[in-house]
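Engineer: From the sequence below, what's the structure:
(4 chains)
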2 protein chains.
Amino acid sequence: MNYPTIKEIASIAGVSANTVSRALRDESGVSPETRQLIKKIANQIGYERNVLASHLRTRQNRTIGAIIIDNSNPFYAEVLKGIETGCKARGYQILIYNTQGDYAMEEQAIRLMFSYRVRGIIIDPVPNRGEDHLRLLQERKFPFVLASHYSPEIRANWVGYDDYQVGNTLGEFLIGKGHEEILFFGGYPGDSTYDDRFAGFSAALRSHGLEPRPEQVANFQVDSDAAYRRMKLLLASPRKFTAILAYNDVAALAALKAIKEESLRIPDDLALAGVDNITMADLVEPGLTTMHLPKQEAGQVAAELLIDCIENHAPDRRIVLKPNLIVRSSV
Amino acid sequence: MNYPTIKEIASIAGVSANTVSRALRDESGVSPETRQLIKKIANQIGYERNVLASHLRTRQNRTIGAIIIDNSNPFYAEVLKGIETGCKARGYQILIYNTQGDYAMEEQAIRLMFSYRVRGIIIDPVPNRGEDHLRLLQERKFPFVLASHYSPEIRANWVGYDDYQVGNTLGEFLIGKGHEEILFFGGYPGDSTYDDRFAGFSAALRSHGLEPRPEQVANFQVDSDAAYRRMKLLLASPRKFTAILAYNDVAALAALKAIKEESLRIPDDLALAGVDNITMADLVEPGLTTMHLPKQEAGQVAAELLIDCIENHAPDRRIVLKPNLIVRSSV
DNA sequence: GTGAAAGCGCTAACAT
DNA sequence: ATGTTAGCGCTTTCAC
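Structural biologist: Have a look, this model is predicted:
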């Protein structure tokens, strides 16, 4: 397919390429008549500015990279949607890359974004695997924003949730409902999200004279299958808990299935709470008590932060979005 | 941020830029020692090829566009994931654009992809709104692949499911379970997916001497809220059906919630089936009987088709993936 | 095996 | 208000 160029427009209009360029960019110094003529011709022959060539000359473009763990996970899907919304509002485009939580892929993704000369990157980093390439971004003063997860060792733009409060609120809520034996189900230490949620939860226990116990913590990397199998195992041995605080809704819903299969009643035999408030949390029976996290908002704010950094050299910021307790009938 | 160029590598290595370019592209005509030296220097100074500049000269790049309706919808999220997987395998990158089912946005998206000089586009078209820009793509012989939806008037690459069989299989299954009054719940005519599913369903009815009746069809654009509200309304008036065949699982799960709130039992009072087999279909109670559609596979095949078109000028193909009945307890 | 020169499409700087 | 020239970083052509 052959795209028309400004040269062709120029020769049709009988002006120089430069004039065409200025006319199409709405730069001053072109007579209204010429400008109109040029735009008309451009429209007629289906001209589309070659942003790659334009970038080469100006070193400016409106492309950013989004490096996420898995866009088919409903949580990340919502965040990505928000990023897209935020970018669209400022005329930016997005190159995406799924890392599958693989650290090597994350590095590859960053290099790829470099080779496309994107102006900035939003990255939901693979937790707990070192931060070498994040440090590299920082050294090069390359604009980037961390989403959801952060690294305590890296001071950078960050958009996430108050995960301490997530754990604390749910802990208090469960304790308030009379539970003293609560299983913390899913996630693993070293991941900032897990650590903060667990810290908040532990604080809630302690403020009521309770103490988190090792046998009431089940650490694993959450996906639906893993969570289901783990809960099956836990239910097969004598139960040491009356309530479950799941790392997220995906884990909670998988647990829900396992619990129902054992013919246990929720919330009577076992109370259950999750985190995220994904769409399905409202559709299952009983409805899942959970913390709502503003996922799309997080993506959108991340995009805005990044673009501010790119265009206005805004200083690093850390933006904490407030979670919200959603009480349904599972507790 | 300043990126090193081949010129800089050249001056360090004491060779010409041309030699550097050839060495890094693994072209012949460079001595092994020179090549090794050049690659070492490139590595040391963190060189990343500027693919934008490269494109300008070669008119080749490895970028495609993915124009989808909404990446936060679990169905499209899976398809997008498949596209990403397929692209990664062939070294292609993806620019994404969500149209929200808005026809004007779809057109904007295509122009944007043009301005980025992407080599091809995968598009899940907004159904039922004319096909002007698809025709434009065709006239310009621009490589593109339709995903899921198609237009009867456009002969083009297409990857989708056998939607007639989807409707037919579920229709037969419900009839086989003794249902003669079946509500077809969600979607709207003019959308190829809907039309094919409904045709398959109607054929199943007819082959058993039954006839689809207007009051047993509920047309609406599916999202969770709309489906929930619609089912609430339907249940408030005297029921004219004993089973529900939902357009997709999102509609089915929303219906499930409404039905439970009326204290009706599934499948005894009302049987329910969906289409898609999203993750949640297995987690709700009772498990949802549905047709499994290979969503990620569809995305991956679409990517392969497109790249074949781009690289090998492969002729247009239409690929139909087989759906699969998943029997759970909701029927 | 290597280098010099030209040009992809665009825009910035300078001229008229 | 408009045109000329040069150059972004790369690859291709042609010369040595």
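Engineer: A:Lys81: helix or strand, and which one exactly?
Structural biologist: helix A:74-89 (DSSP states H and E).
Engineer: buried residues in that helix?
Structural biologist: Neighbour-count burial for helix A:74-89 flags A:74-88 (criterion: 16 or more other Cβ atoms under 10 Å in any protein chain shown). Using the backbone N, CA and C atoms, a C-beta is placed for each residue, glycine as well.
Engineer: Mean confidence (pLDDT) on it, please.
Structural biologist: For helix A:74-89, the mean pLDDT works out to 96.
Engineer: now A:Ile123: how far from A:Ile64?
Structural biologist: 10 Å (Cβ to Cβ, to the nearest Å).
Engineer: now swap in A:Ser330 and tell me
Structural biologist: Distance of A:Ser330 to A:Ile64, given as Cβ to Cβ: 39 Å.
Engineer: Of these two, which one has the most company?
Structural biologist: A:Ile64 (28 against 24; other Cβ atoms under 10 Å in any protein chain shown).
Engineer: Next, the more buried one: secondary structure please.
Structural biologist: Following DSSP: H, G, I helix; E, B strand; the rest coil, the label given to A:Ile64 is strand.
Engineer: Quick check: pLDDT value at it.
Structural biologist: 98.
Engineer: Pretty sure it sits against A:Leu95.
Structural biologist: Yes - using Cβ atoms under 8 Å, A:Ile64 is in contact with A:Leu95, at 7.5 Å.
Engineer: show me where chain A has strands.
Structural biologist: A:63-68, A:93-98, A:120-123, A:144-147, A:157-161, A:182-185, A:217-218, A:243-246, A:271-276, A:289-292, A:318-321, A:324-326 (DSSP state E).
Engineer: closest one to DNA strand D among those strands?
Structural biologist: Proximity to DNA strand D (Cβ to the nearest atom of the strand) singles out strand A:63-68 among those, at 15.9 Å.
Engineer: That closest one pairs with which strands, and in what direction?
Structural biologist: strand A:93-98 (parallel), strand A:120-123 (parallel) (DSSP bridges).
Engineer: could the ones you listed go into CSV alongside mean neighbour count and mean pLDDT?
Structural biologist: Formatted as CSV, the strands paired with strand A:63-68 follow (neighbours: other Cβ atoms under 10 Å in any protein chain shown; pLDDT from 0 to 100):
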stretch, mean neighbour count, mean pLDDT
strand A:93-98, 22, 98
strand A:120-123, 25, 98
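Engineer: from memory A:Leu245 sits against A:Ala273, does it?
Structural biologist: Yes - between A:Leu245 and A:Ala273 there is a contact at 5.4 Å, judged by Cβ under 8 Å.
Engineer: A:Met280 reaches B:Met280, doesn't it?
Structural biologist: Yes - with contacts counted by Cβ under 8 Å, A:Met280 reaches B:Met280, the gap being 4.6 Å.
Engineer: Dump stretch A:241-256 to PDB, keeping only the CA atoms.
Structural biologist: This file holds the C-alpha atoms of stretch A:241-256, laid out as PDB (Å, rounded to 0.1, in the frame of the first residue of the first chain):
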ATOM      1  CA  PHE A 241     -10.200 -21.200  60.900                       C
ATOM      2  CA  THR A 242     -13.800 -19.900  60.900                       C
ATOM      3  CA  ALA A 243     -13.200 -17.200  58.300                       C
ATOM      4  CA  ILE A 244     -11.100 -16.700  55.200                       C
ATOM      5  CA  LEU A 245      -9.500 -13.500  54.000                       C
ATOM      6  CA  ALA A 246      -8.500 -14.100  50.400                       C
ATOM      7  CA  TYR A 247      -5.700 -12.100  48.700                       C
ATOM      8  CA  ASN A 248      -8.100 -11.200  45.900                       C
ATOM      9  CA  ASP A 249     -11.500 -12.100  44.500                       C
ATOM     10  CA  VAL A 250     -10.100 -14.700  42.000                       C
ATOM     11  CA  ALA A 251      -8.700 -16.600  45.000                       C
ATOM     12  CA  ALA A 252     -12.000 -16.000  46.900                       C
ATOM     13  CA  LEU A 253     -14.200 -17.300  44.100                       C
ATOM     14  CA  ALA A 254     -12.100 -20.400  43.600                       C
ATOM     15  CA  ALA A 255     -12.300 -21.000  47.400                       C
ATOM     16  CA  LEU A 256     -16.000 -20.500  47.200                       C
END
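Engineer: That one: which residues count as buried?
Structural biologist: Using 16+ other Cβ under 10 Å as the test for burial, stretch A:241-256 gives A:241-256.
Engineer: quick one on the thing from earlier: next, format the strands of chain A as JSON lines and append distance to DNA strand D.
Structural biologist: As requested, these are exported to JSON lines (distance: least, Cβ to the nearest atom of the strand, whole Å):
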{"stretch": "strand A:63-68", "distance to DNA strand D": "16"}
{"stretch": "strand A:93-98", "distance to DNA strand D": "18"}
{"stretch": "strand A:120-123", "distance to DNA strand D": "18"}
{"stretch": "strand A:144-147", "distance to DNA strand D": "21"}
{"stretch": "strand A:157-161", "distance to DNA strand D": "26"}
{"stretch": "strand A:182-185", "distance to DNA strand D": "50"}
{"stretch": "strand A:217-218", "distance to DNA strand D": "50"}
{"stretch": "strand A:243-246", "distance to DNA strand D": "48"}
{"stretch": "strand A:271-276", "distance to DNA strand D": "42"}
{"stretch": "strand A:289-292", "distance to DNA strand D": "46"}
{"stretch": "strand A:318-321", "distance to DNA strand D": "33"}
{"stretch": "strand A:324-326", "distance to DNA strand D": "48"}
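Engineer: quick revisit: what do A:Leu245 and A:Ala273 both touch?
Structural biologist: Residues touching both A:Leu245 and A:Ala273 by Cβ atoms under 8 Å, 6 or more residues apart in numbering or on different chains: A:Leu170, A:Leu174.
Engineer: quick check: domain ranges of chain A?
Structural biologist: What the record gives for chain A is the domain set A:6-49, A:61-160+A:295-320, A:163-292, from automatic domain parsing.
Engineer: how about those in CSV, adding distance to B:Gln36?
Structural biologist: As requested, the domains of chain A are exported to CSV (distance: least, Cβ to Cβ, whole Å):
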stretch, distance to B:Gln36
domain A:6-49, 41
domain A:61-160+A:295-320, 21
domain A:163-292, 39
